[in-house]
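J.: One predicted model, sequence on top.
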Amino acid sequence: MTALGLSPPVTLLNVPNAITGVRTAGAVGFATAALTRRSGHLLVAAYLIYWVGDILDGVAARALGQETRAGAVFDIVADRACTSACAAGLVVLRPSTAVPMAVFLVQFMVIDQLLSLMFLRWPLLSPNYFARVDRRIYRWNWSPPAKALNTAAVAILSIWAPVAVAVAFALGVTAVKVVSLISAAGLPASARP
């Protein structure tokens, strides 16, 4: 805090945030091109840019010591932009994916976003450190296997599995997210990690 009671300026210009910006522009751009050209190849490229870029920005943040709370929020918001654009492309190219992707989008865009931003209640740099507050919620949502299942599995199942299986999986993930959100909201904010 400064003498005026204001917080110090937020650092947004760093390598991980640049990666987040580039991967978001790239994924949304390729997903938009996939929509307009009805191209599966462009959609695969969009998903790859999103997923590889999402891994790289996190690795860069930790490796370079450039993790910030603002960067974590930027990453969370950017994930929603990439996901919504890619999901739209998937539904246009494969209309049979509409129901599982709709369930997934409500879960990811609303419930998971609220849950992911819960880290701001504690002095944590990002949801990646939520194990300091609650190990179970962390394991279910931000451990590496949970992250992969939470974002990639529904899209993959929507393409390769029967619709009922993809919807059941999306509903299962939604249930885990709702329970996690309710549990996280009930934790005392004063708990020190």
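T.: Structure received.

J.: Would you map the helices across this protein?
T.: Using DSSP state H, the helices of the chain run over 15-37, 40-63, 69-93, 98-106, 113-117, 135-141, 144-148, 154-160, 163-186.

J.: how about TSV for the ones you listed, with distance to Asn128 and mean neighbour count added?
T.: Any C-beta I mention is one placed from the backbone N, CA and C, and that applies to glycine too. Supplementary listing: the helices of the chain in TSV, determined by distance: least, CB to CB, whole Å; neighbours: other CB atoms under 10 Å:
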stretch	distance to Asn128	mean neighbour count
helix 15-37	12	19
helix 40-63	7	19
helix 69-93	8	20
helix 98-106	22	20
helix 113-117	10	19
helix 135-141	8	17
helix 144-148	9	13
helix 154-160	21	19
helix 163-186	15	17
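
J.: so which of those gets nearest Pro123?
T.: Closest of those to Pro123 is helix 69-93, at 9.1 Å (criterion: CB to CB).

J.: Once you drop chain neighbours, what's closest to Arg139?
T.: Sequence neighbours aside, Ala146 is the residue nearest to Arg139 in space, at 6.6 Å (criterion: CB to CB, 6 or more residues apart in numbering).

J.: Leu35 versus that neighbour, what's the distance?
T.: 29 Å (CB to CB, to the nearest Å).

J.: Kindly report the same for His41.
T.: Applying CB to CB, the value for His41 to Leu35 is 13 Å.

J.: And Ile49, by the same measure?
T.: Ile49 sits 15 Å away from Leu35, going by CB to CB.

J.: List the contacts of stretch 93-103.
T.: Defining contact as CB atoms under 8 Å, 6 or more residues apart in numbering, one finds that stretch 93-103 is touched by 34, 38-40, 43, 87, 90-91, 154-155, 157-159, 163, 166-167, 169-171, 174.

J.: Quote the end-to-end distance of it.
T.: This stretch, stretch 93-103, spans 18 Å end to end (CA to CA, to the nearest Å).

J.: do stretch 87-98 as well
T.: Its first and final residues considered, stretch 87-98 spans 9 Å by CA to CA.

J.: how about the nearest residue to Lys147 once chain neighbours are set aside, what does it touch?
T.: Nearest non-adjacent residue to Lys147, counting by CB to CB, 6+ apart: Asn141, 7.9 Å away. With contact set as CB under 8 Å, 6+ apart, Asn141 has these partners: 112, 115-116, 127, 130, 147, 150, 176-177, 180.

J.: Distance check, Asn141 against Ala25.
T.: Here the criterion is CB to CB. By it, Asn141 lies 26 Å from Ala25.

J.: Then Ile76?
T.: According to CB to CB, Ile76 and Ala25 sit 17 Å apart.

J.: Over to Ser143?
T.: The gap separating Ser143 from Ala25 is 28 Å, by CB to CB.

J.: give the contact list for the residue sitting nearest the centre point of the chain.
T.: For the chain, the residue sitting closest to the mean C-alpha position, by CA atoms, centre = their mean, is Asp79 at 4.4 Å. Contacts for Asp79 (CB under 8 Å, 6+ apart) come out as 50, 54, 151.
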